[in-house]
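In: pasting a predicted model and its sequence here:
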Amino acid sequence: NSRASRWRAPLPMVSARYCSVHKNVLQLLLDCGALPEEELIEHVIGCVEAHSQEAQAHKLKVPPTEEARQVFMRKIVLEEISPELERLGMKVAMKRHNGVPYFGLVNLREDEQQVASDLGKAQKEYFHLLLSAIQSTEKQSLDAADAGNLRLELKGGKLSIDEVEECLAHLDAGGWICKADDLYSLGVRSELQLMYSTQKSAEV
């Protein structure tokens with residue numbers, strides 16, 4: 001999967017009431033970060049069919065209609081998996097991105113942000129400069145030249161042009177940013193995390 005990280009995220013300690021369906025769906029979200037709803041529905045159904053006996057024991061049965069399958073997936077992801085993750089500082093959130101519903105993991109611990117956590121120190125600083133620059137524009141996008149020049153504003157390290165391009169490609173593949181027509185905009189994973197951060201700020 002092009003959205004998956006370079007590394008396989010470890011499965012956190014989960015509830016004893018989780019069956020293999022929950023564990024596999026959670027592992028998928030940890031690996032990919034975010035998935036479009038239709039794709040996630042397919043994966044959930046595939047997990048139920050692959051672990052049919054265990055799923056039956058946990059009263060998980062694939063509904064016959066498309067609408068019912070959407071409700072079925074959302075119940076598993078939002079009502080069964082997400083609440084268990086909140087005690088670990090995470091949750092599953094939903095947001096439309098370019099008109100498509102996505103489900104993805106967000107970090108609830110502001111002091112332990114795992115946003116693009118596999119980046120080096122200078123790359124992380126560059127990433128946050130990039131997000132701020134994109135958000136500050138009227139069209140919420142930044143052209144490739146301006147994105148590359150942000151490396152000159154780094155204070156905690158240096159990145160070459162090649163390293164910046166590699167970082168941008170990695171962020172694009174991970175769903176943190178999107179590149180289209182030589183313009184960079186926020187990716188669905190950044191939008192999900194920022195949506196939660198905005199909600200938290202409004203509560204303060």
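Out: Looks like it arrived, so ask away.
In: what's the pLDDT at Arg87?
Out: Turning to Arg87, the model gives it a pLDDT of 84.
In: what's the answer for Ala116, then?
Out: pLDDT at Ala116 comes out at 59.
In: now swap in the one 5 residues further on and tell me
Out: We note a pLDDT of 89 for Lys121 in this prediction.
In: what about it, neighbour count?
Out: The number of residues packed near Lys121 is 10, by other Cβ atoms under 10 Å. Every residue, glycine included, has its C-beta placed from N, CA and C.
In: quick one, what contacts it?
Out: Taking Cβ atoms under 8 Å, 6 or more residues apart in numbering, we find Lys121 in contact with Gly156, Gly157.
In: center of the protein, which residue is that?
Out: Within the chain, one residue has its C-alpha closest to the average C-alpha position: by Cα atoms, centre = their mean, that is Gly33, at 3.1 Å.
In: just to check, that residue is in contact with Val106?
Out: No: in terms of Cβ atoms under 8 Å, Gly33 does not count as a neighbour of Val106; the distance is 9.7 Å.
In: and for the two, which residues touch both?
Out: With Cβ under 8 Å, 6+ apart applied, the contact sets of Gly33 and Val106 do not overlap.
In: how about the residue nearest to the centre of the chain: what's its closest non-neighbour residue?
Out: Distances taken as Cβ to Cβ, 6 or more residues apart in numbering put Arg189 closest to Gly33, at 4.8 Å, once the chain neighbours are dropped.
In: just the pLDDT for the residue nearest to the centre of the chain.
Out: Here the pLDDT value assigned to Gly33 is 89.
In: for Phe103, see how far away it is.
Out: When Cβ to Cβ, to the nearest Å is the yardstick, Gly33 and Phe103 sit 10 Å from each other.
In: likewise Glu153?
Out: Note on Glu153: its distance to Phe103, by Cβ to Cβ, is 34 Å.
In: of these two, who's got more company?
Out: It is Phe103, of Glu153 and Phe103, that has more neighbours when counted by other Cβ under 10 Å, with 25 against 10.
In: for Lys179, give me the pLDDT.
Out: In the prediction, the pLDDT value recorded for Lys179 is 94.
In: is it correct that it is in contact with His170?
Out: No: Lys179 lies out of contact with His170 (Cβ under 8 Å); the separation is 11.8 Å.
In: packing partners of the host helix or strand of Val21?
Out: Following DSSP states H and E, one finds Val21 within helix 20-32. Helix 20-32 sits against helix 37-50, helix 52-57, strand 100-107, with contacts defined as 3 or more Cβ pairs under 8 Å, 6 or more residues apart in numbering; DSSP states H and E.
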